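*Asks:* sequence and computational prediction follow.
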Amino acid sequence: VELKSLRLVDDGAAVEAEWRMLGDLALPWRPRLDLGGRTRYTLGGEGGRISSYDEAWAITPSEALWMLVRPYRGDGGEG
């Protein structure tokens, strides 16, 4: 996972992270998952703990599923 940015938002009431996740899965057809997204942690629990969590991906769930069922060849082409 590559952390692209991390910042305080809402006057310090939340932390927002932007990231990219890239990984080859250990399955016989060797799929690759490559997606970006944002995670927002809302602070407010006891001692400044996280009270809620929200994540958004830059791709749709069906696009992520397609990455998991398609072989990755490494040459820019599809399986």
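*Replies:* Nice, I can see it.

*Asks:* need the helices for this structure, in chain order.
*Replies:* 61-69 (DSSP state H).

*Asks:* output the below-cut-off pLDDT ranges for it.
*Replies:* Low-confidence segments of the chain (pLDDT under 70): 75-79.

*Asks:* mind listing the strands for it?
*Replies:* For the chain, the strands defined by DSSP state E cover 2-9, 14-24, 32-43, 50-57.

*Asks:* can you pull the contacts of L43?
*Replies:* Applying CB atoms under 8 Å, 6 or more residues apart in numbering, we find L43 in contact with G12, A13, A14, V15, R49, I50, S51. C-beta: built from backbone N, CA, C; applies to glycine.

*Asks:* neighbours around the first one, how many?
*Replies:* So the one you mean is G12. 9 (other CB atoms under 10 Å).

*Asks:* tell me who's in contact with it.
*Replies:* Taking CB under 8 Å, 6+ apart, we find G12 in contact with L43.

*Asks:* the fourth one too?
*Replies:* Contacts here follow CB under 8 Å, 6+ apart; on that basis V15 touches L6, R7, L8, V9, R40, Y41, L43.

*Asks:* rerun at 10 Å
*Replies:* Neighbouring residues of V15 by CB atoms under 10 Å, 6 or more residues apart in numbering: L6, R7, L8, V9, T39, R40, Y41, T42, L43, I50.
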